[in-house]
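>>> Sequence first, then the predicted structure, then my questions.
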Amino acid sequence: MALRILSGDLPRSRVLAALLLLAVIGLALAPFLFPGPRALAVAGKILIFIVLVASYDLLLGYTGIVSFAHTMFFGIGAYGVAIATVRLEPSWSAIGIGAAAALAVSLVLALLIGLASLRVRAIFYAMITLAIAAAFQTLVSQLSDLTGGEDGLSFNVPRMLRPAFRPLSEPLFGVNVDGRIIAYYLVFAACVVLFLVLLRIVNSPFGRVLQAIRENAFRAEAIGFRTVVYRSWSNVLAALFATLAGVMYAIWLRYNGPDATLSFEIMLNILLMVVIGGMGTMYGAVLGAALFVLAQSYLQDGLHVVHEALGGSGPVAAFFEPDRWLLWLGVLFVLSVYYFPTGVAGRLREAARRRT
């Protein structure tokens, strides 16, 4: 049964399987295991970035395409929902219309970018996508009547997903169930479904061809595969899944702006998550997103504890100043790349392969 659900792609490592199971259980029970708005916000962000990172891994890890326009499609999905709910009404139909419109725009843009640019070499394609993403962010910032400009758009969601909505009069396992928790489980269900669909894609004949193109595009072309067509479809699929991740993000955050979904910092974070988790494993998206978001959210608090434990003064304590959390995040990334060059998931799979 598990083999069928996971499309035949099992973790192939007991440690990796245990980590994935721990992540799934922790995310599934997060509202009850870690009550509080901050912990719930972190768990929701992890779920959204799992889909976003997995969709980018389809491009980078499985096809070998380096693109810097992935956040553009992420932003399109979020803006589709935001604009539709602001212009229409906060209803499920508005969310559906916004998501459908965003998917259509992403489909057209991904096809145009793919067909126009995928014939060039990798570095030139990366630069083209970077220029397109920067131009799109500038355009969104200037269309203030439609997108809210630099301030972005705040909007309402259906009543069922609002914090004031209380379906139960009594607490459940000590937690008051409200619309925020319902929204979390909606995001959780969408994340599971989209991740399993991506896992099926990379383990299909189509996914095998993508991996062949990644390893040797000239050989794949010589065998008879139209590499441009396959790379274009990979670009389209990755864009559509990134758009759906943006839809999830808009529903969860109830706000969208250029800095929230279109900034280059988010693109770098996605790239770091893919590298930390492991390129070309898909399971690496789960570990990479979880580790990075947790470090990004709680590393400053951990440094504060260490700083206070060292007395709060002196050269050693100064090194653990909470304001230096970005420095420590960089150190952790360098160490993870040094000791896990193929990512956490890739390294664990290699270790299991050597043992057998």
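In hand now; what should we look at?

>>> Which residue ranges of this structure form strands?
Secondary structure of the chain by DSSP state E: the strands cover 153-154, 255-256.

>>> Sheet partners, orientation included, of the first one?
By that I understand strand 153-154. Sheet pairing of strand 153-154 (DSSP bridges) gives strand 255-256 (antiparallel).

>>> which other residues reach the partner strand?
Applying Cβ atoms under 8 Å, 6 or more residues apart in numbering, the set of residues contacting strand 255-256 from outside is 75, 78-79, 81-82, 152-155, 249-250. C-beta here means a position set from N, CA and C on the backbone, and glycine is covered the same way.

>>> Let me know the closest of those to Arg349.
Within the contacts of strand 255-256, the smallest distance to Arg349 is 29.8 Å, found for Tyr249 (Cβ to Cβ).

>>> Can you give me every residue that contacts the closest one?
Residues touching Tyr249, when contacts are defined by Cβ under 8 Å, 6+ apart, comprise 48, 74, 77-78, 256, 260-261.

>>> make it 7 Å
Neighbouring residues of Tyr249 by Cβ atoms under 7 Å, 6 or more residues apart in numbering: 48, 78, 261.

>>> ok, and the most crowded of the residues you listed?
Ala78 (31 neighbours; other Cβ atoms under 10 Å).

>>> Give me the below-cutoff pLDDT ranges for the stretch 101-250 of the chain.
Screening the stretch 101-250 of the chain residue by residue with the criterion pLDDT under 70, one finds the ranges 116-122.

>>> contacting residues around the closest residue to Ala100 other than its chain neighbours?
For Ala100, ignoring the flanking residues on the chain, the nearest one in space by Cβ to Cβ, 6 or more residues apart in numbering is Gly80 at 8.0 Å. Under the criterion of Cβ under 7 Å, 6+ apart, the contact partners of Gly80 comprise 98-99, 101-102, 247.

>>> now these in TSV, with distance to Ile132?
Formatted as TSV, the contacts of Gly80 follow (distance: Cβ to Cβ, whole Å):
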residue	distance to Ile132
Gly98	22
Ala99	22
Ala101	20
Ala102	17
Val247	21
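
>>> In helices only, show me these.
When DSSP state H defines the helices, the subset of the contacts of Gly80 inside them is 98-99, 101-102, 247.

>>> Phe68: neighbour count?
A count of nearby residues for Phe68, using other Cβ under 10 Å, gives 21.

>>> same question, Glu215
For Glu215, the count of nearby residues is 10 (other Cβ under 10 Å).

>>> State the distance from it to Gly8.
Glu215 is 20 Å from Gly8, where distance means Cβ to Cβ, to the nearest Å.

>>> what does Met273 give?
Applying Cβ to Cβ, the value for Met273 to Gly8 is 25 Å.

>>> just Val247 next, same as before
To Gly8, Val247 is 29 Å away according to Cβ to Cβ.

>>> Compare these two (neighbour count), which wins?
Val247 (28 against 10).

>>> any idea how far Thr342 is from the more buried one?
Val247 sits 32 Å away from Thr342, taking Cβ to Cβ as the criterion.

>>> same thing with Leu111?
Using Cβ to Cβ, one obtains 32 Å as the distance from Leu111 to Thr342.

>>> Next, count neighbours for Ser7.
Using other Cβ under 10 Å, Ser7 has 18 neighbouring residues.

>>> Not counting sequence-adjacent ones, nearest residue to Arg214?
The spatial neighbour of Arg214 that comes closest, neighbours along the chain excluded (Cβ to Cβ, 6+ apart), is Gly64 at 3.7 Å.

>>> Could you check the pLDDT of the one you found?
According to the per-residue confidence, Gly64 scores 88 in pLDDT.

>>> Buried subset of the contacts of strand 255-256 as a PyMOL selection?
Taking 16 or more other Cβ atoms under 10 Å as the burial criterion, the selection of buried members of the contacts of strand 255-256 in PyMOL is written as:
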select buried, resi 75+78+79+81+82+152+153+155+249+250
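
>>> Just give me the closest of the contacts of strand 255-256 to Val15.
For Val15, the nearest member of the contacts of strand 255-256 is Tyr249. The distance, counting by Cβ to Cβ, is 30.7 Å.

>>> I'd assumed Ile251 was in contact with Ala183.
Yes: using Cβ atoms under 7 Å, Ala183 is in contact with Ile251, at 6.4 Å.
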